[in-house]
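A.B. asks: Make a model of this:
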Amino acid sequence: MRWVYLLLTGCVIFSTSAFAKENDENKSNLEISIYNNNLALVKDTRTISVTEGKNEIAFEGVSMQIKPETAIFYASGLSVLEQNYNYDLLTYDNLINQSINQEVKTVIFNTENGQNVFDKAQIIGAVQGQPILKFDYGIEASFPGRLVFDKIPNNLENKPTLNAKIISNKTELKNISLAYLTTGMEWESNYVAKVSSPHKLDLTGWITINNESGIDYDNAKVQVIAGDVHQVMNNNIVQPVMLMAKSARTTNDMQNFSISPQEISGYHLYNLPFKTDIKNKQTKQISLFEKKGVDYKKEIYMMSPFYFTYNMPTEFKQQNPQLIYIIENKTEDNLGLPMPAGVIRFYENDNRENLQFIGEDRINHVAEGAEIRLDLGKYFDIFINGKINKITKLKEEKTKEIEDMCYTLVRQYAYDVEITFYNSNKLEQEIVFEQDISPESKLEKSNISGQFKDADSYLWKVNIPKQSEQTLSFRIIVPNVSKSCR
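C.D. replies: I've put the predicted structure just below:
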């Protein structure tokens, strides 16, 4: 019973020199690289006593979501002959099922005299974890007492364990490393933007790590990799793009603190500057950077719902534009660093200096020098009405094709559009209004000048007087081509 108890607590010491079982306390170094897409690379180094020749070693406490086919044992003077992942864990149900046809001791407590009554029985089966016992006097299907086992079945482990048969070139204490990929761990960035003035904000980045792998990672060196690592999913084999890298330098200047990224194969690797514990079922946040006085600007923006076809709506009413915050990821704007994908949440003090949440948006991986556009919701001080006042057919041509069996009909329409912007704010406001325009279309007769954003869209910047309105009107010539066959 004492031997069984010790195994259950993970404290077994094996006396044979040919077999070494290493639990979590034997770890000499633990490193983890965590990717964005539910994947982590674990490198676990333990000091193990081995003899010259053949040995069996066991790494206890590996991830419950390990990908066994990715596991690699390595050390100097070491050859691996075989490795096995044992995940049949030591639970009551497994202990019963693995002990069928074995003899066990039984214990019933006598409430009248306060004594334990011992007997022996054979486990002949089990139903939903309830053992069926054969005594000398008969078979019990609902035994009310306890069972005492003399030993634990060899194939049950206290924790998920990776075993290997190895050959060592000599007898020594050897640092043996195990590297493997596991699911159940991922990270993302979270950002807090505190608006400090009409054109400045303080931006803090956090690394948020979530551990659902089934085990704790204590005193681990942690790295996170920004980027979507390609995984071969059809055969469940995942190839990592990198192993552990050396630590990058960090700064202690908390006014502009940041963890410096290291570029590897088009990805960015962030080295946490200290070792940390990541417990199972835990979400941990670690500071990524802190930047003061980052430049930003606001934009009131609306994309037109008109797309100029036969079945399109010809009117919309009281639509509110979007409030867009724009940040240039540049050094001259006091930012200028790679920003991993995540959510940016904005806060601002009201007139009473009470902090208020004003919106959030998700970003993809942002390279240095790129523009960040963040949609924080509707701008309610402005509403917009739009109407197509007139649709005019300008021409129609029919072209016969394929021995008069089919023809192409080319029509051209003119759409006269009127957009009215209403501003209830006490200040003049500027709104950016965007209209999709196909390359074959032509814009004309606009009462407010604008410019092409690209080949497929046109932008107007419309100034709306305070507590007043402004109207944009334009005509667009749009071709329509259809084909008909008999």
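A.B. asks: so where is the stretch 251-400 of the chain shaky, pLDDT-wise?
C.D. replies: 251-267, 400 (pLDDT under 70).
A.B. asks: ok, residue 458 to residue 469 distance?
C.D. replies: 22 Å (C-beta to C-beta, to the nearest Å). (C-beta placed from N, C-alpha, C; glycine too.)
A.B. asks: Looking at the two, which is more packed in?
C.D. replies: residue 458 (20 against 15; other C-beta atoms under 10 Å).
A.B. asks: can you give me phi and psi for that one?
C.D. replies: Dihedral pair for residue 458: phi -130, psi 140, per degrees, to the nearest 10.
A.B. asks: Quick check: closest non-adjacent residue to residue 349.
C.D. replies: Take residue 349 and drop its neighbours on the chain: the residue closest to it by C-beta to C-beta, 6 or more residues apart in numbering is residue 355, 5.8 Å away.
A.B. asks: which residues sit in contact with that neighbour?
C.D. replies: By C-beta atoms under 8 Å, 6 or more residues apart in numbering, the contact list for residue 355 reads 194, 347-349.
A.B. asks: Quick one: buried ones out of the residues you listed?
C.D. replies: 194, 347 (16 or more other C-beta atoms under 10 Å).
A.B. asks: ok, which stretches of the chain are helices?
C.D. replies: Under the criterion DSSP state H, the chain contains helices at 2-8, 92-97.
A.B. asks: Mean pLDDT lowest where, among these?
C.D. replies: Between those, the lowest average pLDDT goes to helix 2-8, which shows a mean of 31.
A.B. asks: Around residue 111, how many other residues sit close by?
C.D. replies: 7.
A.B. asks: Likewise for residue 78?
C.D. replies: 19.
A.B. asks: just residue 272 next, same as before
C.D. replies: 20.
A.B. asks: Extract the residue ranges of the stretch 51-200 of the chain that are flagged as low pLDDT.
C.D. replies: For the stretch 51-200 of the chain, the ranges with pLDDT under 70 are 86-91, 154-159.
A.B. asks: What ranges does it have for its strands?
C.D. replies: 53-60, 72-74, 78-86, 103-110, 115-127, 130-135, 138-140, 146-148, 161-168, 172-182, 185-197, 200-211 (DSSP state E, counting those that start in this stretch).
A.B. asks: For the top strand by length along the chain, buried residues please.
C.D. replies: With DSSP state E setting the assignment, residue counts place strand 382-401 as the longest strand in the chain. Across strand 382-401, burial judged by 16+ other C-beta under 10 Å covers 382-388.
A.B. asks: and that strand, how far from the chain's centre?
C.D. replies: 46 Å (C-alpha atoms, centre = their mean, to the nearest Å).
A.B. asks: Show residues contacting that strand.
C.D. replies: The contact list for strand 382-401, computed with C-beta under 8 Å, 6+ apart, reads 300, 302, 304-306, 314-321, 406-425, 429, 431, 464, 477.
A.B. asks: For residue 381, which residues are in contact?
C.D. replies: Residues in contact with residue 381, defined by C-beta under 8 Å, 6+ apart, are 423-425, 429.
A.B. asks: Highest neighbour count among these?
C.D. replies: Counting neighbours by other C-beta under 10 Å, residue 423 comes out on top of those with 23 neighbours.
A.B. asks: Verify the stated contact: it with residue 468.
C.D. replies: Yes: between residue 423 and residue 468 there is a contact under C-beta atoms under 8 Å: 6.1 Å.
A.B. asks: Now stretch 194-206: buried residues?
C.D. replies: For stretch 194-206, by 16+ other C-beta under 10 Å, it's 194-195, 201-206.
A.B. asks: what's the closest of those residues to residue 105?
C.D. replies: The closest of those to residue 105 turns out to be residue 206 (C-beta to C-beta; 54.7 Å).
A.B. asks: thought the closest one was touching residue 289?
C.D. replies: No: the criterion here is C-beta under 8 Å, and residue 206 misses it with residue 289 at 9.1 Å.
A.B. asks: How far does stretch 339-357 stretch from one end to the other?
C.D. replies: Distance across stretch 339-357, first residue to last, is 22 Å (C-alpha to C-alpha, to the nearest Å).
A.B. asks: Ok, stretch 57-65 next?
C.D. replies: 20 Å.
A.B. asks: Ok, stretch 129-139 next?
C.D. replies: Start and end residues of stretch 129-139 are separated by 16 Å (C-alpha to C-alpha).
A.B. asks: ok, now stretch 344-361?
C.D. replies: Using C-alpha to C-alpha, one end of stretch 344-361 lies 6 Å from the other.
A.B. asks: in it, what's buried?
C.D. replies: 344-347, 358-361.
A.B. asks: can you tell me which of these lies nearest to residue 377?
C.D. replies: Of the buried residues of stretch 344-361, the one sitting nearest to residue 377 (C-beta to C-beta) turns out to be residue 359, at 4.9 Å.
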